[in-house]
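Chemist: let's see this in three dimensions:
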Amino acid sequence: MSPDKTLREQLLRLKLDGWCVVDNVIPTDEVTEVRESVAAATLRHRRPDAPANIGHRTGLINYDQSFAPYLAAPGFIGLVRAALGPNVRVSFTSAMINYPGNVRGGLHADWPFNQRNAGHIPAPYPDIVAHFTTLWMLSPFSAANGATIIVPGSHRMETNPSAEGCSHDEDTPYPTEIQATGEAGSVLVMDSRMWHAAGANRTDSARVAMAIRFAPWWLNLNGLRPGSSERARQMEATGLKENEVEAVKPEVLAGLPAAVQPLFEHWVEV
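Modeler: Modelled structure (predicted):
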């Protein structure tokens, strides 16, 4: 299949289903090195408040850059730009390791649609593509090791189970939910409105992944910036907590590939 036809089919799937998997973004002979690097960085810098059986490190780009070159892989970033516009920005880089024994999570949508975040877009929210969540499969994603649970088509809903009054409870499996599986090196791309949940890891091995999220140029990210007045106002007005994305260190930005630097230039430490 030609690259143009592949892109058209991926865009159609994102529009109708809210998700697709891009295969082999990190080549098979290179993904082991990236997986081990991300896992080691997460172990060294794991957030102490991470849930049990979850390895979590926000602001991952400051702690590990092994994955950075692949953000500019044409078959991946071309899709993101075709959907969100040419001037996309990375909004989050997070390591997410699902250790053996991790249980199923609750259904939710990601920022800025998660109604438990101070800076959320209030439900009912409009039908507009405003943010992408991409889950990088550094380990193979299988039903047994906790592949992400998704509800195809749920991105067209005007709310999600994180909202009070949603007709579906977050802890109840949805009848049409599936698990997004794939080989190591693949990337699950989904509209951040998509209802999804962490799967249970019933194996003896960790499932290593990254959540890298992308925003169009017009989406306001200032509420995520530590110490910003906008963040403080949002939290005070809503009484809710908010995700925090630490600024990229200048020396980290300088060491990134030239094609990747524009994705992070908006978030550099000053």
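
Chemist: how about residues contacting stretch 166-178?
Modeler: The contact list for stretch 166-178 (C-beta atoms under 8 Å, 6 or more residues apart in numbering) reads 106-108, 123, 149-154, 159-162, 195, 197. Heads up, the C-betas are built off the backbone N, CA and C, glycines and all.

Chemist: chain center to it: distance?
Modeler: Relative to its parent chain, stretch 166-178 has a centroid offset of 20 Å by C-alpha atoms, centre = their mean, to the nearest Å.

Chemist: the helices in the protein, which residues?
Modeler: 3-16, 28-45, 74-84, 229-238, 250-255 (DSSP state H).

Chemist: for those, which one sits closest to Ser91?
Modeler: helix 74-84 (10.9 Å; C-beta to C-beta).

Chemist: so which elements touch that closest one?
Modeler: In terms of contacts (3 or more C-beta pairs under 8 Å, 6 or more residues apart in numbering; DSSP states H and E), helix 74-84 is packed against helix 3-16, strand 19-22, strand 132-137, strand 187-191, strand 207-215.

Chemist: let's go with 7 Å and repeat that
Modeler: If you count contacts as 3 or more C-beta pairs under 7 Å, 6 or more residues apart in numbering; DSSP states H and E, helix 74-84 packs onto helix 3-16, strand 19-22, strand 132-137.

Chemist: got a list of contacts for that helix?
Modeler: The contact list for helix 74-84 (C-beta atoms under 7 Å, 6 or more residues apart in numbering) reads 7, 10-11, 14, 22, 25, 71, 88, 129, 132, 187, 189, 214, 216.

Chemist: need the helices of the chain in JSON lines with mean pLDDT and distance to Met210, can you?
Modeler: Formatted as JSON lines, the helices of the chain follow (pLDDT from 0 to 100; distance: least, C-beta to C-beta, whole Å):
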{"stretch": "helix 3-16", "mean pLDDT": "96", "distance to Met210": "20"}
{"stretch": "helix 28-45", "mean pLDDT": "97", "distance to Met210": "6"}
{"stretch": "helix 74-84", "mean pLDDT": "98", "distance to Met210": "13"}
{"stretch": "helix 229-238", "mean pLDDT": "96", "distance to Met210": "24"}
{"stretch": "helix 250-255", "mean pLDDT": "99", "distance to Met210": "16"}
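
Chemist: between the ones you listed, which one is closest to Asn62.
Modeler: Between the helices of the chain, helix 250-255 lies closest to Asn62; by C-beta to C-beta that is 5.6 Å.

Chemist: on that earlier part again, want to try JSON lines for the contacts of helix 74-84, with neighbour count and distance to Val270 as columns?
Modeler: Below are the contacts of helix 74-84 laid out as JSON lines (neighbours: other C-beta atoms under 10 Å; distance: C-beta to C-beta, whole Å):
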{"residue": "Leu7", "neighbour count": "16", "distance to Val270": "37"}
{"residue": "Gln10", "neighbour count": "20", "distance to Val270": "37"}
{"residue": "Leu11", "neighbour count": "14", "distance to Val270": "36"}
{"residue": "Leu14", "neighbour count": "21", "distance to Val270": "35"}
{"residue": "Val22", "neighbour count": "21", "distance to Val270": "34"}
{"residue": "Val25", "neighbour count": "22", "distance to Val270": "32"}
{"residue": "Leu71", "neighbour count": "23", "distance to Val270": "23"}
{"residue": "Val88", "neighbour count": "19", "distance to Val270": "22"}
{"residue": "Val129", "neighbour count": "16", "distance to Val270": "30"}
{"residue": "Phe132", "neighbour count": "24", "distance to Val270": "27"}
{"residue": "Val187", "neighbour count": "25", "distance to Val270": "31"}
{"residue": "Val189", "neighbour count": "24", "distance to Val270": "31"}
{"residue": "Phe214", "neighbour count": "23", "distance to Val270": "23"}
{"residue": "Pro216", "neighbour count": "20", "distance to Val270": "23"}
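
Chemist: I appreciate the help and will end here.
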